[in-house]
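Enquirer: Fold the following and give me the result.
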Amino acid sequence: MKKRMIINLDDEISDRNDDIDHVFVMNGLQKAADTLNLPQSIIDITYVNREESHNLNSKYRQIEKPATVLSFPQFEFKKPLLFEDDIKASEDSPPIVLGDLVLCISCIKERFPKIELNAAILRMAVHGLLHLTGFTHESDEDFEIMWEYEKEILADLDIQM
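Expert: Next comes the predicted model:
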């Protein structure tokens, strides 16, 4: 079976954490891509420290605190997962660059102290992936729609909610 997602990892500005199981996170995102029926795509994941997360959140969202995950989508979709209308892709097309995920490990540990670290990282990576595919939680209705997809994926991955 062809992988749906090419995942590039970068942790150059991280506060290094050897407890991260990158294979677990990448395999989980592959399963999430299958669940969402994504076209073949590329995402970049960067692990950052609290300071860098705060800087990025301040610069791009005008929020003065670090975030567990920041998503930087390459495309603005008219509707979530509506690739056919927004991106012309076929079986022979090169992978679509969906965008970047920036994960702050110390923020994730703080937010999910009772969840195993790699499961918590994957949980936030799935949340970020949904943002890359057009989901938002700007309104209560949008939140409910996104949360239903997130719950389904997390259940498939056997990740605690």
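
Enquirer: Could you identify the helix or strand that succeeds the helix or strand of the chain with the lowest mean pLDDT?
Expert: Among the helices and strands of the chain, helix 83-86 carries the lowest confidence by mean pLDDT, DSSP states H and E, at a mean of 58. Using DSSP states H and E, the helix or strand that follows helix 83-86 towards the C-terminus is strand 96-104.

Enquirer: What strands line up against that next one, and which way round?
Expert: Here strand 96-104 has these sheet partners by DSSP bridges: strand 41-48 (parallel), strand 69-73 (antiparallel).

Enquirer: per-residue confidence averaged over that strand?
Expert: Confidence over strand 96-104 (mean pLDDT, whole number) is 93.

Enquirer: hmm, who's touching it?
Expert: Outside strand 96-104, the residues within contact range by C-beta atoms under 8 Å, 6 or more residues apart in numbering are 38-50, 52-53, 56, 66-75, 83, 87, 89, 121, 124-125, 128-129, 132-133. Using the backbone N, CA and C atoms, a C-beta is placed for each residue, glycine as well.

Enquirer: starting at the chain centroid, how far to it?
Expert: Distance, stretch centre to chain centre, for strand 96-104: 6 Å (C-alpha atoms, centre = their mean, to the nearest Å).

Enquirer: what's the answer for stretch 115-135, then?
Expert: Its chain's C-alpha centre lies 5 Å from the corresponding centre of stretch 115-135 when counted by C-alpha atoms, centre = their mean.

Enquirer: Okay, buried residues for it please.
Expert: Within stretch 115-135, the residues that count as buried by 16 or more other C-beta atoms under 10 Å are 115, 117-135.
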